[in-house]
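[1] Can you look at this prediction? I've put the sequence above it.
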2 protein chains.
Amino acid sequence: MRDVAIIGVGCTKFGEMWERSFRDIVVEAGAQAIGDAKLNGEEIEAMYVGNMSGGQFVSQEHIGSLIADFTGLASTFHIPATRVEAACASGGLALRNAIIAVASGYHDVVVAAGVEKMTDVETGVTVDALASAADREWEGFMGATFPALYAMVARLHMHRYGTTRDQLAQVAVKNHHNAVNNPRAQFRNEITLDTVKNATMVSDPFTLFDCSPITDGAAAVIVAPAEDAKKYTDSPVYVLGSGQATDTISLHNRADFCTFGASVAAGQRAYEMAHVTPNDIDLCEVHDCFTIAEILAIEDLGFFKKGQGGPATLAGETAIGGKIPINTSGGLKACGHPVGATGIKQAVECVEQLRGTAGKRQVDGAKIAMTHNVGGTGGTAVCHIFSNERRK
Amino acid sequence: MRDVAIIGVGCTKFGEMWERSFRDIVVEAGAQAIGDAKLNGEEIEAMYVGNMSGGQFVSQEHIGSLIADFTGLASTFHIPATRVEAACASGGLALRNAIIAVASGYHDVVVAAGVEKMTDVETGVTVDALASAADREWEGFMGATFPALYAMVARLHMHRYGTTRDQLAQVAVKNHHNAVNNPRAQFRNEITLDTVKNATMVSDPFTLFDCSPITDGAAAVIVAPAEDAKKYTDSPVYVLGSGQATDTISLHNRADFCTFGASVAAGQRAYEMAHVTPNDIDLCEVHDCFTIAEILAIEDLGFFKKGQGGPATLAGETAIGGKIPINTSGGLKACGHPVGATGIKQAVECVEQLRGTAGKRQVDGAKIAMTHNVGGTGGTAVCHIFSNERRK
């Protein structure tokens, strides 16, 4: 098995892009990544694209062929292009499969992209499409949408561990603060605990500001064998670990839903492969689709004991400069959540932090960074661990 | 890179299954494969699932988690499960990615499944969902459906090479004949050239019998390192080659559409990896979504010169007992075409032929078999070459 490195990254601005199409935005992200890696494009041997629901959002499947075509890699080079999907974890899986393709020796230089165009359909269609990440027969048909499912998780966590409304709200406050310094972020404004608590109710205890937004966006990273990485870039970022896991797709079939078993398993697998522990991680991009999801994640990944995620957040331990900076990009909440792109954007943020080019949101001396990308209510989780130093 | 073998296969009956759900049929195929490989299930480390459009056909995305859940592999083992999509080539890509995962050393025993449930929505929805495999903005919005797109290919092939109506019709006649002896096939009845030519017109020159049907079905194969294969089964089938390629998603952007560039490239890559030529292939399952598609395929894969596919078919050279038996399963036309499952079903047919267990449709002495799975009008193609003898 070959070690793998990231040699280039690209990411569009996240937001509502009424004037641009699905294919436009992914081409932009890919072109940025190719430029960043100082390639001219011909070196690219294969492509994986994470996309949750082109079929429901833009009436388009066969995403791999489409993107290979519009990046100019299909008609001349006939590169293999594969779309992967695991709801909001689709981007993380695209990266993982690109890594496996290089590790196997099947390919050398591979693009992992993620894309979602969510604003081209009316909100009811968007909400219903997102609900197809849950168990349609046992959750969706009963009327459960994602805010409702995660609200049940929040209520149980509050009941069992005493997690407070302010602790949940602080996740959003911190992530908005981080996003102020991220040029790509959808929302670059500071908010307060009162902003969150006094906003329109969505699903008790969540208001509008506890929920990640509907977003258009695309991101891309290029991976290559670690041994060749310095041929392309002076600042390669090495993949130390990759872990992927599933759990039951429906929440009601879990033994417990204050812990996401898939997050725990994916994290452990990534730690084992990387030969590191949670204490070694300098920053982590976690999947904060709702405020409670970030608190679950920082507990499930072992940064804090179960039940301590809320107090730690309110105490500033997850802020930049804290014990373990979480979501320096602004997270899904404030950077935005184009579902298929999110897992790749998380990796882009880690690469910029490990290169030391994250500007005002830079974590000083960051050496090891981690991503945590979730599908549905924890039916899928995928984690990656990166470093700016090659594995010994 | 490790060599890979298939150690077990399973496939449901193909057809209209009004009384069974998406998840039911894929669990059946998976259970068959597990039984065939003499596993008890715990050995399975990962899963790839080919599915074109669960979102549009059954309002369900997040297919990997769903299937890991309903096969009992999520809650206890948290196995990684990844859905891959390339329209009608989704099954072939699931197999390829399972092979790469084993080749890489990331996993040892991996399931590649394919599934589609197409009959739960009205026909208009089905036709529109299938059109999302083409370029929605430049083909779909202009009213082009798949029969119309392939009809243009047929008309050009007839004009340029003199391919006749009878030659096209013979593809369907032969495939129906083969399906009579396939217990899984959707249509097990003989037809004649007149049946095809006198049927309801769909898109000139195609009648109903030139077109593959709408089908429910699922199939699964289990792959493992070749060096371990005999631990599980007395009759492993070895993967000699795998090739995948793209071309422009839309037909109008091709330099020529009497040749599918992706088929040519995928075939050549598979031949090179397997160190074989078309002359070494004993049988091939090709992607006959329309009768012209089989003629294109047998030319693009090098079994016949361009323009000779039609005459060779009418002369019986692609029948069982002919020069190169094509679609012994009955192909997409008569075995049925549950789009995400087709690529895996093709591999199941090859395995049964190479084991010598294909009954009345057995190709005597078959040693090397090939699959060819296409997405859209050739925007994706993936080929695999298998043998019952391990690579020297």
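    Everything's here; your move.

[2] Can you show me the helices along the stretch 151-300 of chain A?
    Ranges of helices within the stretch 151-300 of chain A are A:165-180, A:193-197, A:229-232, A:261-274, A:291-300, based on DSSP state H, counting those that start in this stretch.

[3] Go through those helices and name the closest to B:Gly379.
    helix A:229-232 (29.0 Å; C-beta to C-beta). Where C-beta positions appear, they are placed from N, C-alpha and C, glycine not excepted.

[4] Pull out the buried positions in the closest one.
    By neighbour count on 16 or more other C-beta atoms under 10 Å in any protein chain shown, the buried set for helix A:229-232 is A:229, A:232.

[5] and it, what other elements does it pack with?
    strand A:4-11 (3 or more C-beta pairs under 8 Å, 6 or more residues apart in numbering or on different chains; DSSP states H and E).

[6] returning to what we had before: is it possible to get the helices of the stretch 151-300 of chain A out as CSV so that each row also shows mean pLDDT?
    Formatted as CSV, the helices of the stretch 151-300 of chain A follow (pLDDT from 0 to 100):
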stretch, mean pLDDT
helix A:165-180, 98
helix A:193-197, 98
helix A:229-232, 96
helix A:261-274, 98
helix A:291-300, 98
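
[7] For those helices, please prepare TSV with the additional fields distance to B:Met370.
    Below are the helices of the stretch 151-300 of chain A laid out as TSV (distance: least, C-beta to C-beta, whole Å):
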stretch	distance to B:Met370
helix A:165-180	52
helix A:193-197	59
helix A:229-232	36
helix A:261-274	36
helix A:291-300	45
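
[8] which intervals of chain A have sub-threshold pLDDT?
    A:392 (pLDDT under 70).

[9] Now do the strands in it.
    A:4-11, A:46-50, A:81-85, A:110-116, A:201-203, A:206-207, A:217-225, A:237-246, A:283-285, A:368-375, A:380-387 (DSSP state E).

[10] tell me what the last one is packed against?
    The reference is to strand A:380-387. Using 3+ C-beta pairs under 8 Å, 6+ apart: strand A:380-387 touches helix A:90-104, strand A:237-246, helix A:261-274, helix A:339-355, strand A:368-375.

[11] The second one now?
    Helices and strands in packing contact with strand A:46-50 are listed as helix A:63-70, strand A:81-85, helix A:90-104, strand A:110-116, helix A:339-355; criterion 3+ C-beta pairs under 8 Å, 6+ apart.

[12] Please convert those to JSON lines, extending it with mean neighbour count and distance to A:Ile295.
    Listed next are the helices and strands packed on strand A:46-50 as JSON lines, based on neighbours: other C-beta atoms under 10 Å in any protein chain shown; distance: least, C-beta to C-beta, whole Å:
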{"stretch": "helix A:63-70", "mean neighbour count": "29", "distance to A:Ile295": "33"}
{"stretch": "strand A:81-85", "mean neighbour count": "31", "distance to A:Ile295": "27"}
{"stretch": "helix A:90-104", "mean neighbour count": "30", "distance to A:Ile295": "20"}
{"stretch": "strand A:110-116", "mean neighbour count": "32", "distance to A:Ile295": "25"}
{"stretch": "helix A:339-355", "mean neighbour count": "29", "distance to A:Ile295": "18"}
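
[13] quick one, which of these is nearest to B:Leu354?
    It's helix A:90-104; of these, that one is closest to B:Leu354 (C-beta to C-beta) at 24.0 Å.

[14] and the angle from that closest one to helix B:90-104?
    50 degrees (axes from the mean of the first three to the mean of the last three C-alpha atoms, to 10 degrees).

[15] and helix A:90-104, how far from the chain's centre?
    14 Å (C-alpha atoms, centre = their mean, to the nearest Å).

[16] and what of stretch A:121-139?
    20 Å.

[17] And that stretch, what's buried?
    A:121, A:126, A:129-137, A:139.

[18] How is chain A partitioned into domains?
    Per the record, chain A has its domains at A:4-122+A:215-232, A:134-212+A:240-387, by automatic domain parsing.

[19] deepest of the ones you listed, which one?
    domain A:4-122+A:215-232 (a mean of 24; mean count of other C-beta atoms under 10 Å in any protein chain shown).

[20] Now do the end-to-end distance for that domain.
    Domain A:4-122+A:215-232 stretches 13 Å from its first residue to its last (C-alpha to C-alpha, to the nearest Å).

[21] Please compute how far that domain lies from its chain's middle.
    14 Å.

[22] Next: stretch A:196-205.
    So, by C-alpha atoms, centre = their mean, the centroid of stretch A:196-205 is 24 Å from its chain's centroid.

[23] isn't A:Ala199 right next to A:Thr207, touching?
    Yes. If you go by C-beta atoms under 8 Å, A:Ala199 and A:Thr207 touch, sitting 3.8 Å apart.

[24] about what we covered before: can you tell me which of the buried residues of stretch A:121-139 are up against chain B?
    Near chain B, judged by C-beta under 8 Å from any C-beta of the partner chain, the entries from these are A:129, A:132-137.

[25] tell me which of those residues is nearest to B:Cys284?
    B:Cys284 lies nearest to A:Ser132 out of those, by C-beta to C-beta, at 36.1 Å.

[26] so what's that closest one up against?
    Taking C-beta atoms under 8 Å, 6 or more residues apart in numbering or on different chains, we find A:Ser132 in contact with A:53, A:56, A:87, A:140, B:54-55, B:59-62.

[27] Please list all residues in contact with the closest residue to it other than its chain neighbours.
    Counting by C-beta to C-beta, 6 or more residues apart in numbering or on different chains, B:Glu61 is the residue found nearest to A:Ser132 once chain neighbours are left out, at 4.5 Å. The neighbours of B:Glu61, taking C-beta under 8 Å, 6+ apart as the test, are A:52-53, A:56, A:85, A:87, A:129, A:132-133, B:54-55, B:83.

[28] From A:Asp120, how far off is B:Glu61?
    When distance is defined by C-beta to C-beta, to the nearest Å, B:Glu61 is 17 Å away from A:Asp120.
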